[in-house]
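1. heads up, no residue letters with this:
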């Protein structure tokens, strides 16, 4: 006999009732039947679970151990059952979205979740996400692509959500933080910080610096919060998407001529639900992100051709 959840319920009932007879009444069983059940459970677990006398039943050390685990496992099993029932009662169609770091995911989830359930998976690796979608584990993938680089190969169908410039984040005390716009060459000699990815951005950045006449210094590849910290303390200049919302102590500054561009792409599996509507919601989410960035809005007035795709 293998240990089952019903056996743990019996052990808990005896412990809570304080006697086998009282537990039998609570469980709607005859006392001999419950006693037999309890003996079988004890044989499976290798020892007595209760000391029984005329005063009732008290857990042994082994019984205390089993009860401790039962009081964790039984509520967890009930929670799983309830969650499964809720899941089964929700609409059968749900949106499964994967995304790298970008401005669209939050707004898109907010819009889609108003209609149907949404699940998300995030990763720094566009290869991981596109592979998951190719295998049918994701419906949509949100990624960024540098400049005019093509979309990843595979079974997904790709649409452009936006074409954005890359700006820089400077600490509020940086010598250039009050400039309205900077040439990339103005930042020669700086250290740099970027978020990771498996695309060609590092190569594109190196080429842009070469065209500006310098070789970039140390490049710290790290998470968003660490990038922000390095800029705040003056340790690095951060390359960021134009829609990025700077944290306190940071200033976002455009680069003249947009020497680096970033395209937001939406890939979909051929069986993904509501493709036209989801694409429209993704573009609307990006447009919302642009509206939250006065610096980017001001830059777009002087630089048409960028921003949310039509």
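-> Received it, and whenever you're ready, just let me know what you need. The shown structure was predicted, so the numbers you read here are calculated from the model rather than taken from an experiment.

2. gap between the two ends of stretch 101-110?
-> One end of stretch 101-110 sits 17 Å from the other (CA to CA, to the nearest Å).

3. tell me the contacts of the nearest residue to residue 158 once chain neighbours are set aside?
-> With CB to CB, 6 or more residues apart in numbering as the criterion, residue 158 has its nearest non-adjacent residue at 3.9 Å, and that residue is residue 151. For glycine as for every other residue, the C-beta is placed from the backbone atoms N, C-alpha and C. Remark: with contacts taken as CB atoms under 8 Å, 6 or more residues apart in numbering, residue 151 is in contact with 145, 158, 265, 267.

4. can we see that at 10 Å?
-> 126, 130, 141, 143, 145, 157-160, 263, 265-267 (CB atoms under 10 Å, 6 or more residues apart in numbering).

5. with residue 166 instead?
-> Residues in contact with residue 166, defined by CB under 10 Å, 6+ apart, are 144, 146-147, 184, 194, 201, 204-205, 208, 239-242, 244, 254-255, 258-262.

6. residue ranges with poor pLDDT in the protein?
-> 86-93 (pLDDT under 70).

7. let's go with 50 and repeat that
-> For the chain, applying pLDDT under 50 flags no range at all.

8. what ranges do the helices span in it?
-> Per DSSP state H, the chain carries helices over the ranges 5-17, 20-27, 31-45, 61-89, 105-113, 126-134, 201-211, 224-232, 275-291, 294-302.

9. and the longest one, what does it pack against?
-> Meaning helix 61-89. Packing partners of helix 61-89 (3 or more CB pairs under 10 Å, 6 or more residues apart in numbering; DSSP states H and E): helix 5-17, helix 31-45, strand 50-53, strand 56-59.

10. what does the second one contact?
-> Residues outside helix 31-45 that contact it (CB under 10 Å, 6+ apart): 1-4, 6-8, 10-11, 13-14, 19-30, 48-50, 52, 57, 60, 62-63, 65-66.

11. just the buried positions in that helix, please.
-> For helix 31-45, a neighbour-count test (16 or more other CB atoms under 10 Å) marks 34, 35, 37, 38, 41, 42, 45 as buried.

12. if any of the contacts of residue 166 are buried, put those into a PyMOL selection.
-> Buried members of those, defined by 16+ other CB under 10 Å, are picked up in PyMOL with:
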select buried, resi 144+146+147+184+194+201+204+205+208+239+240+241+242+244+254+255+258+259+260+261+262
